[in-house]
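S.K.: Give me the fold of what follows.
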Amino acid sequence: MRRLALSFALLLAFAPAFAATSPATQPAAETAAAADVDRLLQTMDMKTMMAGMMQQAMAAQEQMVTNAFGNDLTEAKRKEMHDVMATTSVILEKHMRWEALEPIIRKVYAQVFSKQEVLAMTAFYASPEGASILRKSPQAMAITMQQIQPIMLSAMQEVKAAIEQQTTATPTK
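M.R.: Model prediction:
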């Protein structure tokens, strides 16, 4: 039952990253060229930014799950949970690495942003102010995650209680 709860918790922790609405597309005449999008992603150092966001998301998820379930676990179960989280991290890193995400991000940016928008973003992120914002973005994300963590912990405790209630109320076959 705890494994089910942990799996559900991990799913919830990463659900916002995968939730998406249908992307807007630009008319063909305004579509950014692949080279324009490549320049933007390079200017933004998107590879490094994505790796940093992934690390922060995994660290926040681990802390949240530990806070939600850690107090109720024996040392052996705590080690098992740590091992499961380590395995989960390896799997997520394999599937969420830049080489897997880059073609998707390139395609999305080309679909969503016009050529003029891509060129404007490239110019902005190449400016001192844009570069400063990019450098500060991981810090802003980390602080945001810290601030959101109590909300997510409360939600996880509620989810945990609901799962425990349903699993004890429903006889297993």
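S.K.: Q61: neighbour count?
M.R.: 22 (other CB atoms under 10 Å). Using the backbone N, CA and C atoms, a C-beta is placed for each residue, glycine as well.
S.K.: ok so it is a strand residue?
M.R.: No. Counting by DSSP: H, G, I helix; E, B strand; the rest coil, Q61 is not part of a strand but helix.
S.K.: any idea of the mean pLDDT for the helix or strand where Q157 lies?
M.R.: For Q157, the host element (DSSP states H and E) is helix 128-169. For helix 128-169, the mean per-residue pLDDT is 87.
S.K.: From the contact counts, what lies against it?
M.R.: If you count contacts as 3 or more CB pairs under 8 Å, 6 or more residues apart in numbering; DSSP states H and E, helix 128-169 packs onto helix 2-18, helix 46-69, helix 115-126.
S.K.: okay, the angle between that helix and helix 46-69?
M.R.: 30 degrees (axes from the mean of the first three to the mean of the last three CA atoms, to 10 degrees).
S.K.: least reliable of the helices and strands packed on helix 128-169 going by mean pLDDT?
M.R.: When I compare the helices and strands packed on helix 128-169, helix 2-18 is least confident, with a mean of 46.
S.K.: moving C-terminal of that one, what's the next helix or strand?
M.R.: Following helix 2-18 in sequence, per DSSP H and E, is helix 34-44.
S.K.: Show me which positions of that next one end up buried.
M.R.: 36-41, 43-44 (16 or more other CB atoms under 10 Å).
S.K.: pLDDT score for D45?
M.R.: Reported pLDDT for D45: 91.
S.K.: I'd say it and R135 touch.
M.R.: No. Between D45 and R135 there is no contact, the gap being 9.5 Å when judged by CB atoms under 8 Å.
S.K.: the more surrounded of these two?
M.R.: Remark: of D45 and R135, D45 carries more neighbours, 15 against 11, as counted by other CB under 10 Å.
S.K.: Count residues in the vicinity of the closest residue to the more buried one other than its chain neighbours, would you?
M.R.: Nearest-residue entry for D45: L134, 6.8 Å, with adjacent residues in sequence omitted and distances by CB to CB, 6 or more residues apart in numbering. As a burial measure, L134 scores 17 neighbours (other CB under 10 Å).
S.K.: I appreciate the help and will end here.
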